[in-house]
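[1] Would you be able to build a 3D model of this:
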Amino acid sequence: VEPTDTHSPPPMSFIASKALMELRVHMCQTSAGSKGIRDFWSKNYEAVKSANAKLPILLRESAGTPAKLTAGYAGGKEQTLSVDGCSEAEFSAALQSLMKGS
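    Next up is the predicted model:
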């Protein structure tokens, strides 16, 4: 029996572009619209953070706030996506897109 590696590297899809300077996530602690986002971070925060140790990832919770994801890039460019009502998979795809700078 082969030993299993419990410390495998995080998925490549969560490695950020060098141009990405900051991620900000706004969400509500209790709303159905933010559930997929909350579920995603509770399961994947460690993997995303370990793949991007120096990248600031700011999770902001505020009652009644529609969920949105903002990426700040080098040169002051920002891109914001509304992720309110997204499933975990939909949020993951949006996050991967912004992390690649696309």
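[2] okay, CA-based contacts and neighbour counts for the rest of this
    Fine.
[3] Give me the buried positions along the longest helix anywhere in the chain.
    Ranked by residue count under DSSP state H, the longest helix found in the chain is helix 35-51. The neighbour-count check on helix 35-51 (16 or more other Cα atoms under 10 Å) flags K35, G36, I37, R38, F40, W41, A47, V48, K49, A51 as buried.
[4] residue contacts, Q29?
    By Cα atoms under 8 Å, 6 or more residues apart in numbering, Q29 lies in contact with R38, E61, S62, A63.
[5] Mark which of those are part of helices, please.
    Of the contacts of Q29, the ones assigned to helices by DSSP H are R38.
[6] Surely A67 and S31 touch.
    No: assessed by Cα atoms under 8 Å, A67 is found out of contact with S31, at 9.4 Å.
[7] And these two? Which one has more around it.
    A67 (25 against 16; other Cα atoms under 10 Å).
[8] and the more buried one, what does it touch?
    Neighbours of A67 in contact, by Cα under 8 Å, 6+ apart: V25, H26, M27, C28, G33, S34, I37, S82, V83, D84, G85.
[9] if we go to 10 Å?
    Residues counted as contacts of A67 (Cα atoms under 10 Å, 6 or more residues apart in numbering) are 25-28, 31, 33-38, 60-61, 81-86.
[10] Could you do K43 as well?
    Counting by Cα under 10 Å, 6+ apart, K43 touches E88.
[11] returning to what we had before: closest to S17 out of the buried residues of helix 35-51?
    A51 (11.3 Å; Cα to Cα).
[12] From I15, how far off is that closest one?
    Distance of A51 to I15, given as Cα to Cα, to the nearest Å: 6 Å.
[13] what bits of the chain have low per-residue confidence?
    1-12, 102 (pLDDT under 70).
[14] Restricted to buried residues, select the contacts of A67 in ChimeraX.
    Written as a ChimeraX command, the selection of buried residues from the contacts of A67, which uses 16+ other Cα under 10 Å, is:
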select :25,26,27,28,31,33,34,35,36,37,38,61,83,84,85,86
